[in-house]
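S.K.: fold the following.
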Amino acid sequence: MPLAGISIAVALITGPGGLTGTESHRAADAASLTLITLNCLLLVGRRRWPFVLLCVSQVPHTALVAMDHDGGITGLVSLVLLYTVAAYRGLALSLAAAGVSALGYAAAVAVSERPDWTQHAFALVLAVAVWVVGRSVRLRRAYLAELVDRAERLERARDADTRAARAEERSRIARELHDVVAHHVSVMTVQAAAARKVLDTRPEAAKDALVAIEEMGRTAMREMRGIVGVLRTDGETGELTPQPGMEDLPGLVDQMREAGLRAQLWVEGDQRSLPPGIDLAAYRLVQEALTNSLRHAGPAARAWVTVRHEQSGLTVHVEDDGRGGPGAFTRGPDDRPGHGLVGIRERVALYGGILRIGPRQGGGFEVRARFPLKD
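M.R.: Got it, this is the predicted structure:
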């Protein structure tokens with residue numbers, strides 16, 4: 001080991017009979033050289049047992065001092081082990097290591113025949129500096145590890161937020177697709193049934209119904225492309241049409257009339273600009289309610305849509321006098337659970353609104369929602 005070889009060489013050179021020999025220490029012998037070698041060999045396991053080896057290193061060092069032999073640079077062994085404990089172990093064990101070093105050095109001073117207080121003061125300052133440097137290295141390492149851990153946690157949190165945002169966007173797109181497909185396909189189904197019934201007796205009426213189906217299909221495709229266009233990842237610009245709103249209600253009511261539902265629209269109060277989210281949610285609510293009236297209220301049913309603009313909120317009331325019931329919103333056409341009621345409740349709850357869905361007094365069914373508007 002290099003440190004052992006250097007220490008032995010220093011002991012032989014500086015001892016009596018050496019090249020620079022002095023009479024301050026006894027000449028090196030087999031015992032002193034063995035103690036020097038053993039003391040230096042302790043550094044081999046310093047990473048695994050630094051504190052234990054520090055305690056053990058005090059024995060040969062004190063024995064060399066007591067025998068009045070020059071230990072060479074074996075004093076570095078204690079400093080290296082002290083640094084290792086301070087840099088790789090906790091504060092409590094580091095303080096204990098500092099205490100062991102101080103006691104070991106005090107024992108060596110006590111058995112020394114030639115106390116040199118200047119040398120002792122220098123050794124004390126050097127030991128304190130080594131301990132402080134070791135603790136600083138450990139704290140720095142812990143700080144860097146905390147930064148790495150924090151960066152990893154932030155990365156995981158960002159990934160979780162990204163996944164949540166994607167899930168929310170998929171949910172929004174699913175609701176929009178449900179509203180668009182359910183409305184337009186229901187209207188197309190009703191028109192197709194009417195065309196089939198009058199195909200032989202009234203060809204012109206059947207032709208009008210087929211034209212209406214064609215226009216409704218194209219409208220549905222345009223809306224679906226606008227909704228799904230946000231999913232494009234190849235950098236292409238999709239055909240993005242504006243989302244519908246309350247200004248489009250007259251056109252929606254006209255579509256329902258063409259499909260066979262006798263629908264009427266009343267708008268009360270001074271119309272004002274609505275937040276985009278509420279504007280779309282209210283339109284989808286009316287669309288869903290009229291679509292379910294068309295599908296479930298019966299061929300002779302009538303429907304009324306009342307929109308009331310107030311300073312503090314927007315009220316939307318859709319009612320019909322048909323035979324539909326709660327099942328119209330909770331069951332699909334194949335008797336499987338539908339998404340109409342869930343979608344409406346989610347949209348209204350999203351903006352802090354109040355929703356009532358249930359039978360209408362006097363027969364039929366009604367959907368009433370109120371959206372609060374902040375100044």
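S.K.: going by C-alpha atoms from here, please, whenever you check contacts or count neighbours.
M.R.: Fine.
S.K.: show me the domain layout of this structure.
M.R.: 2-115, 260-375 (automatic domain parsing).
S.K.: now render those domains as a markdown table, adding mean neighbour count, mean pLDDT and distance to residue 144.
M.R.: Putting these into a markdown table (neighbours: other CA atoms under 10 Å; pLDDT from 0 to 100; distance: least, CA to CA, whole Å) gives the following:
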| stretch | mean neighbour count | mean pLDDT | distance to residue 144 |
| --- | --- | --- | --- |
| domain 2-115 | 18 | 70 | 14 |
| domain 260-375 | 18 | 81 | 43 |
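S.K.: make TSV out of those domains and add distance to residue 154.
M.R.: Shown next, in TSV, are these (distance: least, CA to CA, whole Å):
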stretch	distance to residue 154
domain 2-115	27
domain 260-375	28
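S.K.: nearest to residue 159 among those would be which one?
M.R.: domain 260-375 (24.2 Å; CA to CA).
S.K.: which one of the domains of the chain lies nearest to residue 249?
M.R.: Nearest of the domains of the chain (CA to CA): domain 260-375, 7.0 Å.
S.K.: which of the domains of the chain sits closest to residue 152?
M.R.: Closest among the domains of the chain, using CA to CA: domain 2-115, at 23.6 Å.
S.K.: kindly provide the distance from the residue most central in space within the chain to residue 144.
M.R.: In the chain, the residue lying closest to the centroid (CA atoms, centre = their mean) is residue 157, at 2.2 Å. Distance of residue 157 to residue 144, given as CA to CA, to the nearest Å: 20 Å.
S.K.: re the thing from before, and the next element down the chain from the helix or strand where the residue nearest to the centre of the chain lies?
M.R.: Residue 157 belongs to helix 117-198 when elements are defined using DSSP states H and E. Going down the chain from helix 117-198, the next helix or strand is helix 203-228, by DSSP H and E.
S.K.: now that following helix and helix 117-198, what's the angle there?
M.R.: Between helix 203-228 and helix 117-198, the angle comes out at 180 degrees (axes from the mean of the first three to the mean of the last three CA atoms, to 10 degrees).
S.K.: now the element after helix 203-228, going C-ward?
M.R.: helix 249-258.
S.K.: now for that next one, which elements pack on it?
M.R.: In terms of contacts (3 or more CA pairs under 8 Å, 6 or more residues apart in numbering; DSSP states H and E), helix 249-258 is packed against strand 262-268, helix 276-296.
S.K.: hmm, back to that, show me what the helix holding residue 157 is packed against.
M.R.: So helix 117-198, by 3+ CA pairs under 8 Å, 6+ apart, packs with helix 75-88, helix 203-228, helix 276-296.
S.K.: turn these into CSV, including distance to residue 140.
M.R.: Conversion of these to CSV gives the following (distance: least, CA to CA, whole Å):
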stretch, distance to residue 140
helix 75-88, 10
helix 203-228, 51
helix 276-296, 50
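S.K.: in terms of helices and strands, where is residue 308?
M.R.: Element membership of residue 308, judged by DSSP H and E, is strand 302-309.
S.K.: and the contacts of the following helix or strand past that strand?
M.R.: Per DSSP H and E, the first helix or strand lying C-terminal to strand 302-309 is strand 313-320. Strand 313-320 is contacted from outside by 282, 286, 289-290, 293, 297, 301-309, 360, 364-374, using CA atoms under 8 Å, 6 or more residues apart in numbering.
S.K.: direction included, what does strand 313-320 pair against?
M.R.: Next to strand 313-320 in the sheet, as set by DSSP bridges, lie strand 302-309 (antiparallel), strand 365-372 (antiparallel).
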